[in-house]
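> what's the 3D shape of this:
(one chain, ligands or ions: 1)
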Amino acid sequence: MQLYKNQTLKVHNSLSGKKEVFQPINEGHIGMYVCGPTVYSNVHLGNCRTFMSFDMIFRYFKHLGFKVRYVRNITDAGHLENDADDGEDKIAKKAKLEQIEPMEVVQRYTVDFHNTLQKFNFLPPSIEPTATGHIIEQIEIIKEILEKGYAYEANGSVYFDVLKFNESNEYGKLSGRKLEDMIANTRELTAQDEKRNPQDFALWKKAEPQHIMRWPSPWGDGFPGWHLECTAMSTKYLGETFDIHGGGMDLKFPHHECEIAQAEASKGKSPVKYWLHANMLTLNGKKMSKSTGNNIYPSEIFTGENDILSKAYAPSAVRFFMMQAHYTSILDLSDDALLASEKGYNRLMDGMENLKNLSTGTKSDFDINTWRQKCYDAMNDDFNTPILIAHLFDAVKHINLIKEGNESISEEDKTLLLNTLNTFVYDVIGLENQSTVKDDSNALNGVMDLLIELRNQARANKDFATSDQIRDKLTALGIQLKDGKDGTSFSIN
Ligand SMILES: [Zn+2]
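Residues are numbered from 1 along each chain as shown. Predicted coordinates:
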């Protein structure tokens, strides 16, 4: 079904700073590229939010009947610690620290990334290319840029000449930065610098003898600059100009700005029609950061094993929490916010369950067609999931009124309502019905409280045979009791 023919979708294009009517380059087809993770550590919850926003966008495009080629890369080389082309390669550094091969680091964290995304019910992208699998393509682009005169070689490295590029193109147009301001605010080059200008960025870096990740090139052994891989992989699979490029807000500069420069310099045309940027996730009002400890991993939310959490949360409840904010807004995560979202998620699941059992009448008090179009209008307005969710709750309100006998619904409308809810809740925002998980965990918590209480009573009565029996039987089942100063808690292996 080509639903897109009846819907007008608008997207916020970071390049123009405006909402624009979305018209793909080839009717009915969409090419979308999203910058994927650098696989040197467990995936961050903030990154999950970015990828989840694009998963929702991918899902909505598919629902509208577009044929979508969604490319999300894996960065497995070339991403240095410092955006200004110095510092160690993040993956090589981790490999040295753990005394394993860089590709073992890549494999370990790629698996973690996929497992986490699967828990959140992500759809896999159409292609998931890696930087190391596209070294030849990257070298070819460097040659093209050198031929066009927008890059220069220095001591086995190749740098992009930003000033030269800016004479005929506009460097900074995506991030809204002016090159003159950037120049005014940067340090002078030192004698050791190979760059002609501090704004220039590396396309190819010479590998020092100790650098383990290296490839041969016309300029000697080295490795590609981080920005280049996305230009190589996006244009290879989606063409020299494609519909959508997405990523986190923090990638706008320098990463995406450099991608535009590389593509314009090598192919002579702007690579992307619509640039979409997802905003960040904060934790208890502050930026998440590993170094300050204000940080949380997805696995800690699923198990509840983090000091800021009062309990564990099902992945779909967390996904619902994320979808309650617009993808371009900052979202703050806290235990209170998760508790509130979990309540809302359960209410939605209960409403959908109640709908199935509603008895129908001859007429409907609730105009399903108008409501249904409102759901589309919300999504058509730059994927406004919080407004969509408000409409979903409006439907739940009517379901409850019908259940209580205060309103009625016809058989035909009941089917349409159920189908529409299934579409938006499961297919578009990507939730799963995990309320059984919720019930199980409530029951389990109740049983465990009871066993802990019985064990405490036995210990108080000096009946250690019984208290040990409870603990040992639980251990055999993989449940560990932990006695602390605040009482006894348990964990499941
Ligand atoms: Zn990228």
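> helix/strand/coil for residue 152?
Here residue 152 is recorded as strand under DSSP: H, G, I helix; E, B strand; the rest coil.
> Model confidence for it, exactly?
At residue 152, the pLDDT value in this model is 98.
> now residue 340
Per-residue pLDDT puts residue 340 at 97.
> Just to be sure, it is in a helix?
Yes. Counting by three-state DSSP, residue 340 is found in a helix.
> Next up, the contacts around the residue in the stretch 1-150 of the chain that the ion sits nearest to.
Nearest residue of the stretch 1-150 of the chain to the ion: residue 35, at 3.1 Å (CB to the ion). Quick note: C-beta positions are derived from backbone N, CA and C, even for glycine. By CB atoms under 8 Å, 6 or more residues apart in numbering, the contact set of residue 35 is 72, 73, 75, 230, 246, 247, 248, 251, 255, 256.
> Keep only those residues that also lie close to the ion.
Applying CB under 5 Å from the ion to these, one finds that residue 230 fall near the ion.
> Next, count neighbours for residue 254.
For residue 254, the neighbour count with other CB atoms under 10 Å is 22.
> for residue 22, same thing?
With other CB under 10 Å as criterion, residue 22 counts 21.
> circling back: which residue sits closest to the residue of the stretch 1-150 of the chain closest to the ion in space, ignoring its chain neighbours?
Leaving out its chain neighbours, the residue that sits closest to residue 35 by CB to CB, 6 or more residues apart in numbering is residue 247, at 4.0 Å.
> Pull the strand or helix carrying that neighbour out as CSV, backbone CA atoms only.
Secondary structure from DSSP states H and E places residue 247 in strand 242-248. Output in CSV follows, covering the C-alpha atoms of strand 242-248 (Å, rounded to 0.1, in the frame of the first residue of the first chain):
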residue,chain,number,x,y,z
PHE,A,242,20.7,10.7,-1.5
ASP,A,243,17.6,11.6,0.5
ILE,A,244,18.4,11.5,4.2
HIS,A,245,21.5,11.7,6.3
GLY,A,246,21.0,11.3,10.1
GLY,A,247,23.0,11.2,13.2
GLY,A,248,23.3,12.8,16.7
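> Against which helices or strands is that strand packed?
strand 29-34, helix 45-63, helix 226-238, strand 272-278 (3 or more CB pairs under 8 Å, 6 or more residues apart in numbering; DSSP states H and E).
> what's the model's confidence in it, averaged?
Mean predicted confidence for strand 242-248 is 98.
> Show residues contacting it.
With CB under 8 Å, 6+ apart as the test, strand 242-248 has contacts from 11, 24-25, 30-35, 46-47, 50, 53-54, 57, 234-235, 255-256, 259, 271-278, 280.
> change it to 6 Å
Defining contact as CB atoms under 6 Å, 6 or more residues apart in numbering, one finds that strand 242-248 is touched by 24-25, 30-35, 50, 54, 272-276, 278.
> chain center to that strand, what's the gap?
Average the C-alpha atoms of strand 242-248, do the same for its chain, and the two points are 13 Å apart (CA atoms, centre = their mean, to the nearest Å).
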